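*Asks:* Dropping a prediction and its sequence here:
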Amino acid sequence: MKHSNVNRTLAAVVAVGTILAACGGDDFDDEGGDEATTELDSGRDGAPTDDAEGELAEDTTEESLPDADAMEEESGDEEAMEEEAMEEEAMEEDGDDTGLDSGQASEPAQDVEAEFDDAEEAADDESDGGLFGEEEPEPVVDAEEPEDPDRFEDNRFEDYGYRDFIAAADDPLSTFALDVDTGSYTVGRRFLDEGSLPPRDSVRPEEYVNAFDYDYNAPRNGLDITVDGGPSPFNEDNVLVRVGVQGEIVSDDDRGDATLTFVIDTSGSMDRDDRLGLVKESLTILVDELNDDDRVAIVTYSDSSGIVLEPTRVSDRDEILDAIDDLETGGSTNLESGLREGYDLARSAFNEDGINRVIIASDGVANAGITDVDALGRFIREDADNGIDLVTIGFGLGNFNDVLMEQLADNGDGFYAYVDTIDEAERLFEDELTSTLLTVAKDAKIQVEFDEQFVESYRLIGFENRGVRDSDFDNDDVDAGELGAGHQVTAMYELRLADGVSLDDRAELGIVSLRWEDPDSGDVSEIDEDIDLRDIEPRWSDTPDDFQLATVVVTFAEKMRDNPYADEVDMDDLAVEAERIADAVDTDEVDELAELIQQAADFF
């Protein structure tokens, strides 16, 4: 509770004490009008999920609203405050009745007011703000009402729980598959832009972090690891360790020709402003970015599926654009039929020396044919093993199935993204999709081994549905993650150091191992990197800007999914930190992040 709000409250109580007493002592909100809590989505209760590192913790966090007992207790405090205020009011009235002049009657009130002013000034002097106490937070403003409440209906997300701390002495190994998805962050942005906090189940922290670029060194071939760290925003006694993976960068001129088969949802549910219309704009942007020798094919599906455009070279641009322009909506949603026809077409046009992709553009709804995501995933698995990777791109909000889109991409050895605006379409289709078309690593996975002598316990933030058994790290038959050229993956660990361990010591906290298969030769590579205490900066101000960015983003995600480990983080402080980093980094993406965090802070 802010000091300024207390002062405003007390002043208000003094002014209206008599009225409150006449009304029967109605409760008065001691948080003040500027900090009224917005009710959060009812689906923000957690559920436990099994995980390779042990059971994921069940979220027992209560809603952000106060419970009845707390409100009753606060009410008692408020009534006491009201009685005191009424006594002061009575003193003023008595002064008038006994004939004291106005100056004499107002002296006690002036003293109280001056005392309040002094307290507020002192509070202002002591209030620092920022995640690590460096700046005063901006005032909170009321959150806007949602523009279209229907957009919040019938969206499907999966609650994977959250990882608890694991004692290094009990299980020193942490193993997971790499994941380059970013859809969760863009979905969260869409909800905030629509005037609502994102559903907790929609938040996957690793996808929030993946949505931003970091200053990792790019290897000449394959993948490389970067490790650094700094103080934890969740607990001042802990540290954060960042594990960054960077894929080699390959220019468009050096990649093979691409054959892209688009499977486009044209069912009735796509007949919205943010769905098929945005799909058509996105495809038009992509055509302008592809090389003349790349090929594009289009399959549509609603009640059934059909080929709209046979594989066509991009040099025949007008033919492709005409096919895109003619797309129309109608009917139910037979995703199975569209996938089967799309993969049949992709197999017939398969380029042995090039890049082969199936790209789904959909809201994720499937209400005809096979609709189970596991069953759909099984029949595309073989094609993924044979070199036809799947990219899923989500469109729309309201009756949107995030679960299907994310899991299909995992089964199809691709990635999942979400497009909410034309700006996001330009970023994805102009920059990311074309630059990452070439796969540089298959079945990539990480295993971190912590030294119990220096690490008491650890928790991996995110990747709850990407866990791999520790014993399967060396098993190259186990499916893991794929990275395209230029892709980055960032994992954040929070560590509790063992008693007596100082960041000034010379010691290795553990070792990070990274293993992947070369998609061309089939050769398996494994590299490792030490987690050195000297890589962890004790002072926040000494950490690199991109580490601070990753920390702010992962903290934002933890707050959005109500992880109890983030309970002590103040959203106003986080907003201050985001604004500071936005000024330092100076990119549109980080500027937007700062705005989103401030929007989210308005709900707290």
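*Replies:* Great, that's in hand.

*Asks:* Tell me the confidence at the spatially closest residue to D385 that is not a sequence neighbour?
*Replies:* Closest residue to D385 apart from its sequence neighbours, by C-beta to C-beta, 6 or more residues apart in numbering: D413 at 7.9 Å. From N, CA and C alone the C-beta is placed, and that goes for glycine too. With respect to pLDDT, D413 has a value of 85.

*Asks:* Can you tell me the SS state at G398?
*Replies:* coil (DSSP: H, G, I helix; E, B strand; the rest coil).

*Asks:* right, and it touches N155 too?
*Replies:* Yes: in this structure, G398 is within contact of N155 by C-beta atoms under 8 Å, at 6.7 Å.

*Asks:* more crowded one of those two?
*Replies:* For G398 and N155, the more surrounded residue by other C-beta atoms under 10 Å is N155, and the numbers stand at 23 against 18.

*Asks:* OK, contacts around that one?
*Replies:* When contacts are counted by C-beta atoms under 8 Å, 6 or more residues apart in numbering, N155 touches 199, 202, 397-402.

*Asks:* starting at the chain centroid, how far to stretch 320-338?
*Replies:* Between the centre of stretch 320-338 and the centre of its chain there are 30 Å (C-alpha atoms, centre = their mean, to the nearest Å).

*Asks:* What residues sit buried inside it?
*Replies:* Under the neighbour-count criterion of 16 or more other C-beta atoms under 10 Å, stretch 320-338 has 320, 323-324, 327, 329, 332-338 buried.

*Asks:* Which of the helices or strands spans G331?
*Replies:* Applying DSSP states H and E as the criterion places G331 outside every helix and strand.

*Asks:* Not counting its neighbours along the chain, what's nearest it?
*Replies:* Nearest to G331 is S302, by C-beta to C-beta, 6+ apart, at 3.4 Å.

*Asks:* In strands, which of the buried residues of stretch 320-338 appear?
*Replies:* Using DSSP state E, no member of the buried residues of stretch 320-338 sits in strands.

*Asks:* residues near the residue nearest to G331, how many?
*Replies:* 23.

*Asks:* With E452 instead?
*Replies:* Burial of E452 is recorded as 15 neighbouring residues (other C-beta under 10 Å).

*Asks:* what's it in contact with, if anything?
*Replies:* With contacts defined as C-beta under 8 Å, 6+ apart, E452 is in contact with 167-169, 172, 498.

*Asks:* Could you single out the nearest of the residues you listed to G130?
*Replies:* G130 has its nearest neighbour among those in A498, at 28.9 Å by C-beta to C-beta.

*Asks:* How about the contacts made by the residue lying closest to that closest one once chain neighbours are set aside?
*Replies:* Distance criterion C-beta to C-beta, 6+ apart; nearest residue to A498, sequence neighbours excluded, is E456 at 4.8 Å. Going by C-beta under 8 Å, 6+ apart, E456 touches 167-168, 496-499.

*Asks:* Before we go further, E456 is sitting in a strand, right?
*Replies:* Yes: secondary structure assignment places E456 in a strand (three-state DSSP).

*Asks:* so which strand or helix has A594?
*Replies:* Per DSSP H and E: helix 588-601 holds A594.

*Asks:* on that earlier part again, for G398 and N155, list the residues in contact with both.
*Replies:* Common neighbours of G398 and N155 are not found (criterion: C-beta under 8 Å, 6+ apart).

*Asks:* quick revisit: and the contacts of E456, which are buried?
*Replies:* The neighbour count (16+ other C-beta under 10 Å) marks 168, 496-498 as buried among these.

*Asks:* residue boundaries of the strands in the stretch 251-400 of the chain?
*Replies:* 258-265, 295-301, 305-313, 355-362, 389-395 (DSSP state E, counting those that start in this stretch).

*Asks:* If you count contacts, what does the fourth one end up packed against?
*Replies:* Using 3 or more C-beta pairs under 8 Å, 6 or more residues apart in numbering; DSSP states H and E, the elements in contact with strand 355-362 are strand 258-265, helix 276-289, helix 335-348, strand 389-395, helix 402-411.

*Asks:* what's the angle from it to strand 295-301?
*Replies:* Interaxial angle of strand 355-362 relative to strand 295-301 (axes from the mean of the first three to the mean of the last three C-alpha atoms, to 10 degrees): 30 degrees.

*Asks:* Contact partners for F191?
*Replies:* Residues near F191 by C-beta under 8 Å, 6+ apart: 152, 197-199, 202, 397.

*Asks:* hmm, try it at 7 Å
*Replies:* By C-beta atoms under 7 Å, 6 or more residues apart in numbering, F191 lies in contact with 197-198.

*Asks:* which SSE is it in?
*Replies:* helix 183-193.

*Asks:* Now T436: closest residue in space, sequence neighbours ignored.
*Replies:* Of all residues not flanking T436 in the chain, G484 sits nearest, at 3.2 Å (C-beta to C-beta, 6+ apart).

*Asks:* Check whether that neighbour really touches L438, as I assumed.
*Replies:* Yes: counting by C-beta atoms under 7 Å, G484 touches L438, with 6.1 Å between them.

*Asks:* Quickly list what the residue lying closest to E341 once chain neighbours are set aside is bridged to.
*Replies:* Computed as C-beta to C-beta, 6+ apart, the closest residue to E341 that is not its neighbour in sequence is S305, at 4.2 Å. Beta-bridge partners for S305, by DSSP bridges, are Y301.

*Asks:* where does the stretch 251-400 of the chain dip in pLDDT?
*Replies:* Counting by pLDDT under 70, the stretch 251-400 of the chain has low-confidence residues at 365-371.

*Asks:* can we see that at 80?
*Replies:* Under the criterion pLDDT under 80, the flagged ranges of the stretch 251-400 of the chain are 252-253, 272-273, 303-304, 331-333, 364-374, 376-377, 379, 397-399.

*Asks:* Same check on the stretch 101-250 of the chain?
*Replies:* Checking the stretch 101-250 of the chain against pLDDT under 80 turns up 101-154.

*Asks:* all strands for it, in order.
*Replies:* Taking DSSP E, counting those that start in this stretch to define them, one finds strands in the stretch 101-250 of the chain at 166-167, 173-177, 223-231, 239-247.

*Asks:* tell me how far the last one is from the chain's mean position?
*Replies:* Going back to what we said before, that points to strand 239-247. Centre-to-centre, strand 239-247 and its host chain are 17 Å apart (C-alpha atoms, centre = their mean).

*Asks:* Show me what that strand is in contact with.
*Replies:* By C-beta under 7 Å, 6+ apart, strand 239-247 touches 178, 214, 216-219, 223-232, 440-441, 446, 483-495, 497, 512, 514, 531, 536, 547, 550-551.

*Asks:* likewise the third one?
*Replies:* Outside strand 223-231, the residues that touch it by C-beta under 7 Å, 6+ apart are 132, 216-217, 239-247, 441, 444, 483, 512, 514, 516, 527, 529, 531, 535-538, 540, 543, 547, 551.

*Asks:* Show me just the buried residues among those residues.
*Replies:* Buried subset of these (neighbour count, 16+ other C-beta under 10 Å): 132, 216, 239-247, 441, 444, 483, 512, 514, 516, 529, 531, 535-537, 540, 543, 547, 551.
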